[in-house]
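J.: A structural model of the following input is requested.
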Amino acid sequence: TLESNMNNPVALSLSQVGSIDANTTFVDNEDNTVEIYGSSINLEEELVMPALSNGTFYFVSGRLDVDSGLKIEAGTQVEFDTDAFIEVSGGDGYINAVGTAADSILLVGRNQADGWGGVVIFTSDDRNSFAYSRVAYGGNRDFGFGVSPANIGIDSNGEVKISNSVIANSVGDNGVFVELNGTIDEFSQNTFVSNNEFPITIPITTAGVLDAASTFTGNGDNSVQIFQSTLGNGSDPQTLPALANDVPYYVSGRLDIDND
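T.: Below you'll find the model as predicted:
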């Protein structure tokens, strides 16, 4: 039991998060969150971030570099400081944020007006996944490498699955941004709401993964942006689904179609 401490009850690096158990309680501390300060992981085994007791939040106060496996347990809730973000990179980095319908995962900025950086994925590991997760108020920084500000950004070598998740209130240009040659492997039944501009921005090579069950509501530009890109001979053919509630696609540049 950590009780009535002046600031956070405990502060630690990302690599030590797995040592906390669900039976430890945090009561009446001035900042009643478990602080994870700017740090990195490059471990041989997957690191599991456990959900804390009584709905206690983690508070990420700096940049987290994920160069090995990070699994976020169902029911985990995380607040991020304004300068904080998650970068998934290295040869073995992945983020697996898979909740359940009863116990979703929350990744959200503490300061809603200023937001936080969001999550950027540079790896193609098939365990990169968001399911039953809510990612909100990210996108306050430009990641570079062609990845525009977003709650979730996928680089040209990045791959991710997104299902049954809520992508909301991005303070940047996009809820989700997929760079040219980036990949969304699976996409289903997602909700995009109140993002600053586009709910999702993608190249034509990724457009066919979208589904008719995902919804787009109250975004600054409530359309799915497809930027200038090429569907080449070596690319997979794409079938663009009609989007829910007559939401349009917005083609913002030239599309070269050399395949079906």
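J.: regarding residue 225, what is its secondary structure?
T.: Under DSSP: H, G, I helix; E, B strand; the rest coil, residue 225 falls in the strand class.
J.: so it touches residue 201, yeah?
T.: Yes - between residue 225 and residue 201 there is a contact at 4.3 Å, judged by CB atoms under 8 Å. C-beta here means a position set from N, CA and C on the backbone, and glycine is covered the same way.
J.: more neighbours: these two, which one.
T.: Using other CB atoms under 10 Å as the criterion, residue 225 and residue 201 rank with residue 201 on top: 24 against 19.
J.: burial check on residue 249, number of neighbours?
T.: By the criterion of other CB under 10 Å, residue 249 has 16 neighbours.
J.: re earlier: what is in contact with residue 225 and residue 201 at once?
T.: Counting by CB atoms under 8 Å, 6 or more residues apart in numbering, the residues touching both residue 225 and residue 201 are residue 174.
J.: where do the strands sit along the stretch 151-260 of the chain?
T.: Taking DSSP state E, counting those that start in this stretch to define them, one finds strands in the stretch 151-260 of the chain at 159-163, 166-168, 174-178, 183-188, 191-193, 198-202, 215-217, 224-226, 229-231, 249-251, 255-257.
J.: now the residue lying closest to residue 3 once chain neighbours are set aside: how far from residue 2?
T.: Spatial nearest neighbour of residue 3, excluding adjacent residues (CB to CB, 6 or more residues apart in numbering): residue 27 at 4.5 Å. Between residue 27 and residue 2 the distance is 7 Å, computed by CB to CB, to the nearest Å.
J.: for residue 96, same thing?
T.: Per CB to CB, residue 96 is found 28 Å from residue 2.
J.: more crowded one of the two?
T.: Neighbour totals were compared for residue 96 and residue 2, and residue 96 leads with 19 against 16 (other CB under 10 Å).
J.: rewinding a little: to residue 69, which of the strands of the stretch 151-260 of the chain lies closest?
T.: Closest of the strands of the stretch 151-260 of the chain to residue 69 is strand 159-163, at 14.3 Å (criterion: CB to CB).
J.: which other residues reach the closest one?
T.: So strand 159-163 is contacted by 121, 123-126, 128-132, 152, 154, 176, 182-190 (CB under 8 Å, 6+ apart).
J.: show the buried residues in those residues.
T.: Neighbour counting by 16 or more other CB atoms under 10 Å classes 121, 123-125, 128-132, 152, 154, 176, 182-184, 187-188, 190 among these as buried.
J.: how close does the residue lying closest to residue 247 once chain neighbours are set aside get to residue 245?
T.: Leaving aside its chain neighbours, residue 247 sits nearest to residue 216 (4.7 Å; criterion: CB to CB, 6+ apart). Distance of residue 216 to residue 245, computed by CB to CB: 7 Å.
J.: more crowded one of these two?
T.: A direct count of neighbours by other CB under 10 Å for residue 216 and residue 245 places residue 216 higher, at 24 against 9.
J.: residues in contact with the closest residue to residue 147 other than its chain neighbours?
T.: Among residues not flanking residue 147 along the chain, residue 153 sits closest, at 4.1 Å (CB to CB, 6+ apart). Contacts for residue 153 (CB under 8 Å, 6+ apart) come out as 118-121, 143, 147, 174, 176-177, 179.
J.: just the pLDDT for residue 153.
T.: Per-residue pLDDT puts residue 153 at 98.
J.: what do you get for residue 22?
T.: Per-residue pLDDT puts residue 22 at 89.
J.: I'd like the numbering to begin with 12 instead of 1 from here.
T.: All set: I'll call the first residue 12, so the last point we hit is now residue 33.
J.: surely it and residue 61 touch.
T.: Yes - if you go by CB under 8 Å, residue 33 and residue 61 touch, sitting 5.8 Å apart.
J.: of these two, give the one with the bigger neighbour count.
T.: residue 61 (19 against 12).
J.: which residue is the nearest non-sequential neighbour of that one?
T.: residue 84 (5.1 Å).
J.: and that neighbour, how many neighbours?
T.: Neighbour number of residue 84 under other CB under 10 Å is 18.
J.: for it, what are its contacts?
T.: Taking CB under 8 Å, 6+ apart, we find residue 84 in contact with 59-62, 116.
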